[in-house]
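Undergrad: mind folding the following:
(one chain, ligands or ions: 1)
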Amino acid sequence: MKKTHNIYIHVPFCIKKCNYCAFFSHACTNTNWDDYENKIINEIGYWGKKLEKTTVPTIFFGGGTPSLMPVKTFARIISEIRKNFNVSDNAEITIESNPKTLDNNKLTEFCEIGMNRLSIGVQSFNDEKLKFLGRIHNANDAMILIENASKHKIRVSCDFIYGLPDETVDDVIHTCEQINQIGITHCSMYELTIEPDTPFSTMKLNMPDNATMATMYTAIGGTLNLPRYEVSNYATNGYECRHNQNVWDGEPYIGIGTGAAGRIFMNGTWYEQMGGGALFQEISNHDRAVERIITGMRTTRGTRIDSDIEKILNLEFAKSHPDMLVFHGDRISTTDSGILVLDDLIEKLVK
Ligand code: SF4
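TA: Have a look, this model is predicted:
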């Protein structure tokens with residue numbers, strides 16, 4: 001059985017590291033884009049051949065800061081993907097952006113080449129908070145980019161971080177009200193977590209306690225006009241990120257670029273692809289099914305119960321907890337109370 005493959009392209013460069021960031025990216029002012037472009041082109045050629053021009057429904061440029069990428073680099077990558085794969089007519093092509101790095105000219109050129117979804121790292125509408133997070137932009141920069149993007153025929157998503165030190169539930173509600181007012185159709189709301197080896201990990205921060213974080217999470221769901229479709233993601237129906245939905249649903253994806261991971265399906269076997277490039281190793285159907293439970297149960301549409309999932313799913317547990325788990329069609333998902341104890345649920349769901 002031949003499956004379609006989504007493509008993830010990692011662009012690991014930023015102007016400066018943010019204080020909370022543990023993503024694979026480095027601050028680079030003198031990036032050699034030609035070198036990186038060539039590396040990506042080589043990987044595209046390699047996988048195009050290996051997967052015999054498989055169909056590609058989505059392409060996602062993540063980072064790092066992909067909006068730093070020169071227009072000509074983006075154009076060449078898209079053209080090489082088209083040459084080496086069978087890109088669907090209505091393929092979703094997303095670029096993640098930092099508001100300081102994308103003016104209207106560059107945005108227009110990205111759109112002309114085929115970008116049809118822009119993800120904007122807004123993080124906060126408060127300049128003090130943005131400074132504290134170590135962001136290079138202010139709230140006005142983000143508003144200008146949202147406004148510019150809304151003039152193009154593309155879908156727009158905004159990322160926010162909540163649960164900053166001393167932040168209150170009212171502050172978070174206020175941010176959600178601003179999101180409603182602007183009329184954003186997709187947003188991701190991430191809780192601030194302090195990761196090791198980040199500047200924040202060395203500071204003594206007065207973080208909200210777990211109960212306050214849970215109240216903030218519930219308040220976000222209650223205030224945003226957008227329905228939640230994944231633990232941290234909210235969208236008007238039909239405006240969900242198709243790339244992430246496919247990945248969470250267990251569809252294969254190719255990771256291209258330094259540090260990118262992928263899950264490849266070739267000749268009936270799953271492979272885990274590590275660090276971009278041509279490095280991959282077989283992953284058992286059992287392990288792949290566990291991954292699908294972990295990612296699928298984070299979404300409101302849940303995990304599709306196929307024969308691999310059936311083998312590892314603790315049906316007895318699932319059926320005896322209707323307050324937290326629901327079956328619909330061929331899928332299982334959590335209820336609103338189940339999502340709050342998701343990690344525990346997943347542990348018990350896998351036999
Ligand atoms: S812009 Fe994004 S990837 Fe870059 S340092 Fe900040 S949070 Fe990390």
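Undergrad: contacts and neighbour counts: CA atoms only from here.
TA: OK.
Undergrad: only the buried residues of stretch 275-290, if you could.
TA: Using 16 or more other C-alpha atoms under 10 Å as the test for burial, stretch 275-290 gives 275-277, 280, 283, 288-290.
Undergrad: neighbouring contacts of the longest helix along the chain?
TA: The longest helix of the chain (DSSP state H) is helix 33-50. Contact with helix 33-50 is made by 54, 69-70, 73, 77, 80-81, 84-85, 254, 256-257, 276-278, as judged by C-alpha atoms under 8 Å, 6 or more residues apart in numbering.
Undergrad: same thing with stretch 65-85?
TA: Outside stretch 65-85, the residues within contact range by C-alpha under 8 Å, 6+ apart are 10-14, 33-34, 37, 40-41, 44-45, 48-49, 52-56, 87, 95-98, 101-102, 106, 109-110, 113-114.
Undergrad: show the buried residues in those.
TA: Neighbour-count burial (16+ other C-alpha under 10 Å) applied to the contacts of stretch 65-85 gives 10-14, 37, 40-41, 44-45, 48, 53-56, 87, 95-98, 101-102, 106, 110, 114.
Undergrad: check which helix or strand the residue positioned nearest the centre of the chain maps to.
TA: Note on the chain: the residue nearest the mean C-alpha position is Asn244, at 5.8 Å, using C-alpha atoms, centre = their mean. Asn244 is part of helix 242-248, with elements assigned from DSSP states H and E.
Undergrad: ranges for the helices of the protein?
TA: Under DSSP H, the chain gives helices at 33-50, 71-84, 104-113, 127-133, 139-150, 169-182, 210-223, 242-248, 285-296, 307-312, 315-319, 336-339, 342-349.
Undergrad: of the ones you listed, which shows the lowest average pLDDT?
TA: The weakest mean pLDDT among these belongs to helix 336-339, with a mean of 90.
Undergrad: what's that one packed up against?
TA: Here helix 336-339 touches no other helix or strand, going by 3 or more C-alpha pairs under 8 Å, 6 or more residues apart in numbering; DSSP states H and E.
Undergrad: returning to that earlier point: please identify the buried residues of the helix holding Asn244?
TA: Result for helix 242-248 [16+ other C-alpha under 10 Å]: buried residues 242-248.
Undergrad: I'd like those residues laid out as JSON lines, including distance to the ligand.
TA: JSON lines is the format used below for these (distance: C-alpha to the nearest ligand atom, whole Å):
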{"residue": "Arg242", "distance to the ligand": "21"}
{"residue": "His243", "distance to the ligand": "19"}
{"residue": "Asn244", "distance to the ligand": "17"}
{"residue": "Gln245", "distance to the ligand": "21"}
{"residue": "Asn246", "distance to the ligand": "22"}
{"residue": "Val247", "distance to the ligand": "20"}
{"residue": "Trp248", "distance to the ligand": "21"}
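Undergrad: which two among the residues you listed are spaced furthest apart?
TA: Arg242 and Trp248 (9.8 Å; C-alpha to C-alpha).
Undergrad: quick one, phi psi at whichever residue of the stretch 251-351 of the chain sits closest to the ligand?
TA: Of all residues in the stretch 251-351 of the chain, Gly259 sits closest to the ligand, at 12.6 Å by C-alpha to the nearest ligand atom. Main-chain dihedrals, Gly259, degrees, to the nearest 10: phi 80, psi 0.
Undergrad: any idea how many residues pack against it?
TA: 18 (other C-alpha atoms under 10 Å).
Undergrad: next up, the contacts around it.
TA: Listed by C-alpha under 8 Å, 6+ apart, the contact set of Gly259 reads 10, 12, 24, 274-276.
Undergrad: now do Leu224
TA: Residues near Leu224 by C-alpha under 8 Å, 6+ apart: 176-177, 179-180.
Undergrad: turn the residues you listed into TSV, including neighbour count.
TA: Output for the contacts of Leu224, formatted as TSV (neighbours: other C-alpha atoms under 10 Å):
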residue	neighbour count
Cys176	23
Glu177	16
Ile179	21
Asn180	15
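Undergrad: including distance to the ligand, could these go into a markdown table?
TA: Listed next are the contacts of Leu224 as a markdown table, based on distance: C-alpha to the nearest ligand atom, whole Å:
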| residue | distance to the ligand |
| --- | --- |
| Cys176 | 21 |
| Glu177 | 24 |
| Ile179 | 20 |
| Asn180 | 24 |
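Undergrad: excluding chain neighbours, what is closest to the residue of the stretch 101-250 of the chain found nearest the ligand?
TA: Using C-alpha to the nearest ligand atom, Arg135 is the residue of the stretch 101-250 of the chain that sits closest to the ligand, at 6.4 Å. In this structure, Arg135 finds its nearest non-sequential neighbour in Cys18, 5.7 Å apart by C-alpha to C-alpha, 6 or more residues apart in numbering.
Undergrad: check the one you found and give its pLDDT.
TA: If you check Cys18, the pLDDT there is 97.
Undergrad: check the contacts of helix 33-50 against the ligand, which are close?
TA: For the ligand, no contacts are drawn from those by C-alpha under 6 Å from any ligand atom.
Undergrad: got a PyMOL select line for the buried ones in the residues you listed?
TA: Buried residues within the contacts of helix 33-50, by 16+ other C-alpha under 10 Å, are selected in PyMOL with:
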select buried, resi 54+69+73+77+80+81+84+85+254+256+257+276+277
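Undergrad: and the contacts of helix 33-50, which two are furthest apart?
TA: Thr54 and Pro70 (27.1 Å).
Undergrad: having no further points to raise, I will conclude here.
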